[in-house]
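J.: Pasted the sequence and its predicted model underneath.
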Amino acid sequence: MRTIPKDYGVDYEIELVDQGIVLGDRIWVQLKSTERTKRVVARWPIANRFPDLRSDGDGNITAEYIPYSLGMKEIAYVQRCHFPLLLVVVDLAAEDAYWLPIRDEVDLHHSDLNDRVPRRKSATLRIPLWNSLTEERKRNYSGLRWYALEPGRMYAFATLHHFFHEFQYEGRLSGYSIGDGHIDDGAEVELKRSLAIAREYCEEALKLDVLFGERGIDFFRADQIPVVNAPGLKWQLEHGARAAKKALHALDSNEYTFAGMSILLGRVQQAINLMSTAVSAYQGFKGRFLLTEQTVVWHHWSVQNGRINLQQQR
């Protein structure tokens, strides 16, 4: 943890270290403190939609949060920052600290601030109680690690998008007259070249550790996405690379059918197309550390099913 000598809205820079190795992944902190934080209860009517979750007597699901007022100048500064800047509020009485990604909170819950409401001096942010350093420690600081990896993930998404757009110029996987064991109009050379490029891009994409490796996103790494019962992005890229390899071998040996080659080319094209949409899926995770109905339902379900421990210090 490094103190910023001249404080223009950032108090500390924190760099991650694992097993003595400095990783180069960082977050930045705007530090506040209070003698004792105020706790507020938020409620959502969910009994009809989530009957299996415990609710209060009025059919609401509840969650406690800490309201914290931040000045407009500070918020404007955060919105100009191109790095993860987190608000950390220290509760001196509880001897704990609570954190919040300011930009995500403002974008999701205070979009009207972008309209520059006249005479508005501050906005009240809501910090969920599960965003405490006590809870973070139990989870090996998974939330803070998430934001420390955000710049690297944005670079990785840019790389994926680059692969997708380059392939639009360099490759073509459709429009061929394919027969059993032959391709009309002498287009076999072009198709082989396109398949080789697609295979290379899929294999290079899989090397992006912050997306698909040990530090990757479960949603992308999973072979199957339970919620939508669909293959994960890593699975799609792996099968796209394999399909390209099989198609190249079939072309070299002239052992393929119209149906078989069409299926292989479709798998390769699907993998390439997903490179352009991966970042859109990531944007859906912006609210995972904020106070929203979705995250509250998930946390209640996790606690109820013994997946996580959300006992808060009072």
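T.: It's in. Numbering: from 1, shown residues only.

J.: Over to the nearest residue to Ile4 once chain neighbours are set aside: give its phi and psi.
T.: Nearest residue to Ile4 in three dimensions, chain neighbours excluded: Val10, at 5.1 Å (CB to CB, 6 or more residues apart in numbering). Just so you know, the C-beta spots here come from the backbone N, C-alpha and C atoms, and that holds for glycine as well. In terms of degrees, to the nearest 10, the main-chain angles of Val10 are phi -120, psi 130.

J.: same deal with the one 3 residues further on?
T.: Main-chain torsions, Glu13, degrees, to the nearest 10: phi -110, psi 130.

J.: Tell me how many other residues crowd the residue nearest to it when sequence neighbours are not counted.
T.: Setting aside the residues directly before and after it, Glu13 is nearest to Arg2 in space (CB to CB, 6+ apart), at 4.6 Å. The number of residues packed near Arg2 is 10, by other CB atoms under 10 Å.

J.: quick one: Arg2 and Tyr12 touch, right?
T.: Yes. Here Arg2 lies in contact with Tyr12, judged by CB atoms under 8 Å, at a distance of 6.6 Å.

J.: And the helices in this protein?
T.: If you assign secondary structure with DSSP state H, the helices in the chain sit at 72-80, 102-109, 133-138, 142-148, 150-170, 188-205, 209-212, 218-221, 233-253, 258-275, 278-283, 293-304.

J.: Quick one: residues contacting the residue nearest to Glu13.
T.: Residues touching Arg2, when contacts are defined by CB atoms under 8 Å, 6 or more residues apart in numbering, comprise 12-15.

J.: go on, Arg39?
T.: Contacts here follow CB under 8 Å, 6+ apart; on that basis Arg39 touches 64-66, 129.

J.: care to break this protein down by domain?
T.: Each structural domain of the chain that the record assigns through automatic domain parsing is listed here as a residue range: 2-131+289-304, 150-282.

J.: Can you check which of these gets nearest to Gly143?
T.: Closest to Gly143 of the domains of the chain is domain 2-131+289-304 (CB to CB; 5.4 Å).

J.: Any idea how far apart the tips of that closest one sit?
T.: With CA to CA, to the nearest Å as the measure, the ends of domain 2-131+289-304 fall 39 Å from one another.

J.: Distance check, the residue lying closest to Tyr77 once chain neighbours are set aside against Thr34.
T.: Leaving aside its sequence neighbours, Tyr77 sits nearest to Gly9 (CB to CB, 6+ apart; 4.2 Å). Applying CB to CB, to the nearest Å, one obtains 19 Å for the distance of Gly9 from Thr34.

J.: In terms of packing, which of those two has more residues around it?
T.: A side-by-side neighbour count of Gly9 and Thr34, using other CB under 10 Å, places Gly9 first with 16 against 13.

J.: still on that earlier bit, among the helices of the chain, which comes closest to Gly20?
T.: The minimum distance between Gly20 and these falls on helix 142-148, with 16.7 Å, by CB to CB.

J.: quick one: low-confidence parts of the stretch 151-300 of the chain?
T.: Along the stretch 151-300 of the chain, segments meeting pLDDT under 70 span 224-230.

J.: Phi first, then psi, for the nearest residue to Trp301 once chain neighbours are set aside.
T.: With CB to CB, 6+ apart as the measure, Leu53 is the residue that lies nearest to Trp301, at 6.3 Å, once sequence neighbours are left out. Its backbone dihedrals place Leu53 at phi -90, psi 140, with angles given as degrees, to the nearest 10.

J.: surely Leu53 meets Trp298?
T.: No. Under the criterion of CB under 8 Å, Leu53 lies out of contact with Trp298, with a separation of 10.3 Å.

J.: related to what we said a few turns ago, give me the number of neighbouring residues for the residue nearest to Trp301.
T.: Using other CB under 10 Å as the criterion, Leu53 is surrounded by 15 other residues.

J.: cool, and Asp218?
T.: Count around Asp218 with other CB under 10 Å applied: 8.

J.: Please tell me how far it sits from Gln236.
T.: From Asp218 over to Gln236 the distance is 15 Å, taken as CB to CB.

J.: now swap in Pro128 and tell me
T.: Between Pro128 and Gln236 the distance, using CB to CB, works out to 33 Å.

J.: Could you do Leu70 as well?
T.: From Leu70 across to Gln236, the span is 41 Å (CB to CB).

J.: filter the contacts of Arg2 to the buried ones?
T.: 12, 14 (16 or more other CB atoms under 10 Å).

J.: With adjacent residues omitted, what lies nearest to the residue lying farthest from the centre of the chain?
T.: Within the chain, the residue lying farthest from the chain centre (CA atoms, centre = their mean) is Asp185, at 44.7 Å. Among residues not flanking Asp185 along the chain, Ser177 sits closest, at 6.3 Å (CB to CB, 6+ apart).

J.: these two touch, right, the one you found and Ile183?
T.: Yes. With contacts defined as CB under 8 Å, Ser177 counts as touching Ile183 at a distance of 6.6 Å.
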